[in-house]
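[1] next one to model:
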Amino acid sequence: MKAQLERDNQNVDATEVMNFKKMTVQEKLDFIDDEIKKIYVFCAKSGYSSSQVENFARPFFQRNVHHLGPSIWVSGKAWKRRAVALTTVLVATVLLFRFDPAYRLACALSKQSAIQILPVWDWTQIYTSRCWLQNPMFQGSPGLQLSDCEICEGVDSVARVNNLDPEQLIKWYISRDAPVIVEDGTRDWGSAANHSSLASFAKTFIDDPVLPRYRSCQFATNLRLKDMDHVDLLGQLVQGQMDKFYAQWENCNAWAYKAFRQMFQRPYFLPSTIGLASSSWVFVSANYSGKMFKPVEIQHDLVIFMQLRGASQIRLEPWQPCTSICTTFHETLSEGSILVATDFLWKIDYIPSHDAENIAIAIGGSFDY
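    Modelled structure (predicted):
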């Protein structure tokens, strides 16, 4: 059989070989398929059974390609070297960015690049948007409609309560999208709410083995100190070098949030069916006479604003299109009080009071009733 195949191969027209190089990929595949069929027909006419033909062809379909020579394994080794090199570069980059000076340098370069790009491409719309890419096929929720405003038409005040039962919270307030202030919200906290001063709060934060290791998200302050973050600010507070300021940030790292949970407790009136978000907000100030309301940007079904020390002025404003139908409320949240409101109807802003020191914590919640 082999001798016959060699004689047939020698009879291949040289012109046909030249034409093969000019064929398209599909034409080449059709040509090879035709040649395989010819070989199969030849074997059948020569008296070979189908099983014998399959045995002859089996080496061409085996996964083991060592017999093809070392060239294919050279490319495999090269691919492995490239993969190892790429992994090494990625690991080195991650470790480098955990080094604070390198991280600050990268932030500075990124900020300068973003400023240079701004005249060409307005990226601020993406920065302020909740979604980076909009899906045109996604219908989603229609959001707050004018018909929804009837829910808050009957809300003419913000209730202030004590000894709130979890079932009452659901039935009387959350299910009706009515805000409520629980005046004894931190009654069972004990040492978790016992922050005698802003400096003691900052020291507890700085001395924690986990919290200072992680950067915060959305840090904001009236201080214009270069490259300041919440750890720098709290460090200066411990040393008594801060006055007439406000600051707020989000503990967005999961490990930082778990460590920060030691500084407050789950409010007694929250039922177990309400899940808490995996991040928390911190609001601090000292001798700050601000006049502009600052948004509480917690994008969850439920907003839980807890006043640990001092007081805060709270503005509860209905979202559009309910602003002209429902009432806007201005409330004072005193020490130990907790505000609970749904994000569906109410936009929440705050101003820290002019007291010497203020500390507040906010968390998001989710529910399904």
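
[2] strands of the stretch 201-350 of the chain, residue ranges please.
    217-221, 245-251, 275-286, 294-295, 302-309, 312-318, 329-333, 338-342, 346-352 (DSSP state E, counting those that start in this stretch).

[3] format these as JSON lines; extra columns: distance to residue 81, mean pLDDT and mean neighbour count.
    Any C-beta I mention is one placed from the backbone N, CA and C, and that applies to glycine too. Converted to JSON lines, the strands of the stretch 201-350 of the chain look like this (distance: least, CB to CB, whole Å; pLDDT from 0 to 100; neighbours: other CB atoms under 10 Å):
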{"stretch": "strand 217-221", "distance to residue 81": "38", "mean pLDDT": "86", "mean neighbour count": "15"}
{"stretch": "strand 245-251", "distance to residue 81": "42", "mean pLDDT": "89", "mean neighbour count": "22"}
{"stretch": "strand 275-286", "distance to residue 81": "40", "mean pLDDT": "88", "mean neighbour count": "21"}
{"stretch": "strand 294-295", "distance to residue 81": "52", "mean pLDDT": "89", "mean neighbour count": "14"}
{"stretch": "strand 302-309", "distance to residue 81": "53", "mean pLDDT": "92", "mean neighbour count": "24"}
{"stretch": "strand 312-318", "distance to residue 81": "59", "mean pLDDT": "92", "mean neighbour count": "21"}
{"stretch": "strand 329-333", "distance to residue 81": "61", "mean pLDDT": "93", "mean neighbour count": "17"}
{"stretch": "strand 338-342", "distance to residue 81": "56", "mean pLDDT": "93", "mean neighbour count": "24"}
{"stretch": "strand 346-352", "distance to residue 81": "56", "mean pLDDT": "91", "mean neighbour count": "22"}
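
[4] closest one to residue 233 among those?
    strand 245-251 (5.5 Å; CB to CB).

[5] run through who's touching the closest one.
    Applying CB atoms under 8 Å, 6 or more residues apart in numbering, the contact partners of strand 245-251 are 211, 214, 216-223, 229-230, 233, 257, 260, 279-286, 288, 290, 294, 352.

[6] if we use 7 Å, what do you get?
    216-223, 230, 233, 257, 260, 279-286, 288, 290, 352 (CB atoms under 7 Å, 6 or more residues apart in numbering).

[7] dump the strands of the stretch 201-350 of the chain into TSV; add distance to residue 32 as well.
    Shown next, in TSV, are these (distance: least, CB to CB, whole Å):
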stretch	distance to residue 32
strand 217-221	59
strand 245-251	62
strand 275-286	57
strand 294-295	67
strand 302-309	66
strand 312-318	72
strand 329-333	79
strand 338-342	68
strand 346-352	68
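
[8] relative to residue 265, which of these is closest?
    That would be strand 302-309 among the strands of the stretch 201-350 of the chain, by CB to CB, at 9.7 Å.

[9] packing partners of that closest one?
    strand 338-342, strand 357-366 (3 or more CB pairs under 7 Å, 6 or more residues apart in numbering; DSSP states H and E).

[10] my guess is residue 363 meets residue 275, correct?
    No - taking CB atoms under 7 Å as the definition, residue 363 is not a contact partner of residue 275, at 10.6 Å.

[11] in JSON lines: the helices and strands packed on strand 302-309, plus distance to residue 168.
    As requested, the helices and strands packed on strand 302-309 are exported to JSON lines (distance: least, CB to CB, whole Å):
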{"stretch": "strand 338-342", "distance to residue 168": "12"}
{"stretch": "strand 357-366", "distance to residue 168": "16"}
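
[12] with respect to residue 25, which of the ones you listed lies nearest?
    strand 357-366 (53.9 Å).

[13] excluding sequence neighbours, find me the nearest residue to residue 358.
    Distances taken as CB to CB, 6 or more residues apart in numbering place residue 310 nearest to residue 358, at 3.3 Å, with adjacent residues excluded.

[14] residue 147 - how many residues pack around it?
    8 (other CB atoms under 10 Å).

[15] give me the mean pLDDT for the strand or helix carrying residue 41.
    Assignment of secondary structure by DSSP states H and E places residue 41 within helix 25-45. Over the span of helix 25-45, the pLDDT mean works out to 73.

[16] contacts for stretch 355-369, please.
    Contacts for stretch 355-369 (CB under 7 Å, 6+ apart): 170, 174-175, 195, 197-198, 201, 264, 273-277, 280-287, 296, 298, 300-312, 352.

[17] let's see it at 6 Å
    198, 201, 264, 274-277, 280-287, 296, 298, 300-302, 304-312, 352 (CB atoms under 6 Å, 6 or more residues apart in numbering).

[18] ends of stretch 255-269, what's the gap?
    The first residue of stretch 255-269 is 26 Å away from its last residue (CA to CA, to the nearest Å).

[19] which residues of the protein score low on pLDDT?
    Where the chain drops to pLDDT under 70, the residues are 1-22, 53, 56-77, 97, 99-100, 122-143, 190-196, 226-227, 368-369.

[20] how does it divide into domains?
    Domain assignment for the chain by automatic domain parsing gives 2-62, 146-366.
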